[in-house]
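Peer 1: starting from these lines, generate the structure:
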Amino acid sequence: MLNHPTLDRLTELGLDGMAKGFRDLAANPESRSLEHAEWLGLLVEQEATLRQQRRFASRARTAKLRQAAKIEDVDYRTPRNLDRAMFLHLGACDWIRAHRHCLITGPCGTGKSWLACALGDKACRENLSVLYQRSSRLFASLALARGDGRYGRLMRQFARTDLLILDDWGPEPLTAEQRRDLLEIVEDRYNAGSVIITSQVPVERWYEIVGDPTMADAILDRLVHNAHRIELTGETLRKPKAIA
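Peer 2: Residues are numbered from 1 along each chain as shown. Here you go, the predicted structure:
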């Protein structure tokens, strides 16, 4: 049965999930009692599952998330002002489909980056495109791209992504060039894509980071009024290692 011509044809057509399902069913004596429609249903389900796994793997590679975080592993017991109901709502990813934003602020070590990556991972599983960028490296990459002709291509990549994560923004004020870059990114994503920004600096002080009042108004108006806000508090979650 394992050399059945149907198995060869499934492989030729690139239906690897159905081919695996065919082999599994053929090797299982109990499958002989199944109707043809039940066989077909199981094969289609195997193919759909494999394709979903491959899509997630591809999106996860492209996202380049800094941490292997999942929303199922979020710790709600530690007191840090993380609202469980709100975060689970964010985990459904409807806010990304609605092109809204998420701003995560709080002291160093309270889990801002981890939570952002957990939401990014869930978005990948929801078949949404994600790209993680540390803010300092983002601006450095754009500066280099401007010089070697890749700037437009890089900006188009950001614009096409469903969810862009800008991690660890601030506290250094932006340069004039960085302000223009950020405005372009935010403008391209206005009502077209979502952003997660993490920062140790409270949102109320982001005008100081942008620096120029006119540019700050333009950037923050597009970010803040359409955003969910998570304002973490408390002590660092990074426990010091015990000395042997």
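
Peer 1: the most centrally placed residue in the chain: what's it in contact with?
Peer 2: With distances taken as C-alpha atoms, centre = their mean, G120 lies nearest the centre of the chain, 2.2 Å away. Contacts for G120 (C-beta atoms under 8 Å, 6 or more residues apart in numbering) come out as 63, 65, 130, 132, 163, 165, 196. The way it works is simple: take the backbone N, C-alpha and C, and place the C-beta from them, glycine included.

Peer 1: dump the residues you listed into JSON lines; add distance to L34 as well.
Peer 2: Listed next are those as JSON lines, based on distance: C-beta to C-beta, whole Å:
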{"residue": "A63", "distance to L34": "39"}
{"residue": "L65", "distance to L34": "41"}
{"residue": "V130", "distance to L34": "39"}
{"residue": "Y132", "distance to L34": "44"}
{"residue": "L163", "distance to L34": "41"}
{"residue": "I165", "distance to L34": "45"}
{"residue": "I196", "distance to L34": "46"}
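
Peer 1: wait, which of these is closest to I230?
Peer 2: I196 (9.6 Å; C-beta to C-beta).

Peer 1: for stretch 82-93, the averaged confidence score.
Peer 2: Stretch 82-93 comes out with an average pLDDT of 95.

Peer 1: residues in contact with it?
Peer 2: When contacts are defined by C-beta under 8 Å, 6+ apart, stretch 82-93 is touched by residues 71, 74, 76, 95, 102, 111, 115, 118-119, 122-123, 126, 128, 228, 230, 232.

Peer 1: between those residues, which is nearest P202?
Peer 2: L232 (10.8 Å).

Peer 1: look up how far G21 lies from E12.
Peer 2: With distances taken as C-beta to C-beta, to the nearest Å, E12 is found 16 Å from G21.
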